[in-house]
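task: produce atomic coordinates for the following.
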Amino acid sequence: MIINLKQTKTYFSLAVTALFLYSCGDSGKKNAASEKAAAFDKAETKVIDEIDKVVHELPPPSEVPYMLQATGADFNPALPNSLENAGKYQNSMDKSALNLGGYATDIGYLTSNDKTQEALKYMEVCQKLADKVGISSAFDLDMMERFEKNLGNKDSLSNLINIAITMAEDKLEDSDKLNMVAMILSGSYIEGLYLSVMVIDTYPEDLLTEESRNLILEPLMRVIIEQEKSLIDIIALLKDIEQDEIIANIIAEFSILRILYDDDVAAISEKISGNDSKFVLKKEMLVDVISEVKRIRADMIK
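Got it, this is the predicted structure:
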């Protein structure tokens, strides 16, 4: 057998080169995959941090109701979501979470107006909805007993509902149920905005002069204006999390509200800030905002 040494060296060189290139390629793929995983983890951490920041910067459920009460607005028993509707939400985690947020805001509205016995009934419903969402410990027996013992102290009651909702949100965040956190916050927000616009929408027009009505409606309008930042933050939160059909629908609805804030509400805010003595605030100026909020809220509680 005749061995061609030159040919053998050539084959060997080719084999070594091929092996080297293969190893480099394999190593390159591993490095690229590693870099991609690191980038993904970094992006995920950033999103979670942003979500956590938004969640804990949003006002608690009782804030808007107490702002309304501070304006001197009369209590309207027809505004809170009826407890009779609660049974409809038991078959859906999304509906349970949305209306848990809504009922929490209603509790703020009730307690700020000294309707403490009614508020206790709403707490009991929140307990059932929290159980459906998987956070029953936020409304456990201890929390319910504390609420009942403080029925004579509306400030303590509002703090307790805020604590319960914060605990619920924290537990959901820890279990990566960010969509449920978003639902609770969205429900609480839209209920607070609904209470605000309805106080203006149902305010009697024939009892006072335009000047006197303006003095009353202007602080109510300021409550609505101040809810714009929360709207922007919630939309950002919803866009940051994994989107299903319901989340996408809420984003679409809230985006319409954002447009109305940029248009109708901004125009009113400019007039109020400018101290225009000739400006008279009328609820007709808010007709589109009121209509949209009513529509979103009706869909939420149905």
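
drop to CA atoms for contacts and neighbour counts, all remaining ones
Fine.

what about the helices in the stretch 51-200 of the chain?
Counting by DSSP state H, counting those that start in this stretch, the stretch 51-200 of the chain has helices at residues 63-70, 93-112, 116-133, 141-149, 154-174, 178-201.

name the helices or strands packed onto the first one?
Going back to what we said before, that points to helix 63-70. helix 93-112, helix 178-201, helix 210-225 (3 or more C-alpha pairs under 8 Å, 6 or more residues apart in numbering; DSSP states H and E).

now do the third one
Contacting helix 116-133 under the criterion 3+ C-alpha pairs under 8 Å, 6+ apart are the following elements: helix 93-112, helix 141-149.

what does the average pLDDT come to for that helix?
For helix 116-133, mean pLDDT rounds to 94.

swap in the shortest one?
Taken as a whole, helix 63-70 has a mean pLDDT of 92.

what lies in contact with that helix?
Thr105, Asp106, Gly108, Tyr109, Ser112, Asn113, Gly192, Leu193, Leu195, Ser196, Leu220, Val223 (C-alpha atoms under 8 Å, 6 or more residues apart in numbering).

now do the contacts for the nearest residue to Pro59 once chain neighbours are set aside.
Of all residues not flanking Pro59 in the chain, Ser230 sits nearest, at 7.6 Å (C-alpha to C-alpha, 6 or more residues apart in numbering). Contacts here follow C-alpha under 8 Å, 6+ apart; on that basis Ser230 touches Leu58, Pro59, Tyr189.

which of those residues lies closest to Leu157?
Nearest to Leu157 among the contacts of Ser230: Pro59, at 16.1 Å, using C-alpha to C-alpha.

list the buried residues in the helix or strand the residue nearest to Pro59 falls within.
Assigned by DSSP states H and E, Ser230 falls within helix 228-240. Buried residues in helix 228-240, counted by 16 or more other C-alpha atoms under 10 Å: Glu228, Ser230, Leu231, Asp233, Ile234, Ile235, Leu237, Leu238.

distance check, the first one against Leu172.
Using C-alpha to C-alpha, to the nearest Å, Glu228 is found at 25 Å from Leu172.

go on, Glu284?
41 Å.

those two - which one has more neighbours?
Leu172 (19 against 10; other C-alpha atoms under 10 Å).

the more buried one against Ser137, yeah?
No - when contacts are counted by C-alpha atoms under 8 Å, Leu172 is not listed as touching Ser137 (11.4 Å).

below-threshold pLDDT in the stretch 101-250 of the chain: ranges please.
207-208, 210 (pLDDT under 70).

restrict stretch 205-214 to CA atoms and write it as PDB.
Extracted in PDB, the C-alpha atoms of stretch 205-214 (Å, rounded to 0.1, in the frame of the first residue of the first chain):
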ATOM      1  CA  GLU A 205     -79.300  72.300  37.700                       C
ATOM      2  CA  ASP A 206     -82.300  74.300  39.000                       C
ATOM      3  CA  LEU A 207     -81.400  74.800  42.600                       C
ATOM      4  CA  LEU A 208     -78.500  77.400  42.300                       C
ATOM      5  CA  THR A 209     -77.400  80.200  40.100                       C
ATOM      6  CA  GLU A 210     -74.700  79.500  37.500                       C
ATOM      7  CA  GLU A 211     -72.100  81.300  39.700                       C
ATOM      8  CA  SER A 212     -73.000  79.200  42.800                       C
ATOM      9  CA  ARG A 213     -73.100  76.000  40.800                       C
ATOM     10  CA  ASN A 214     -69.700  76.800  39.300                       C
END
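
can you tell me which residue is nearest the centre of the chain?
Nearest residue to the geometric centre of the chain (C-alpha atoms, centre = their mean): Leu185, 2.6 Å.

so it touches Gly101, yeah?
Yes - Leu185 lies in contact with Gly101 (C-alpha under 8 Å); the separation is 6.0 Å.

what's the local residue count around Leu286?
Neighbours around Leu286, by other C-alpha under 10 Å: 19.

try Thr111
Neighbour tally, Thr111, other C-alpha under 10 Å: 27.

same check on Ile225?
The burial count for Ile225: 16, using other C-alpha under 10 Å.

run through the residues that contact it.
The contact partners of Ile225, by C-alpha under 8 Å, 6+ apart, come to Val265, Ser269.

can you tell me how far it is from Pro59?
Counting by C-alpha to C-alpha - Ile225 and Pro59 are separated by 14 Å.

need the nearest residue in space to Val289, chain neighbours excluded.
Val289's closest residue in space is Leu260 (C-alpha to C-alpha, 6+ apart), at 6.3 Å.

nothing else from me, thank you.
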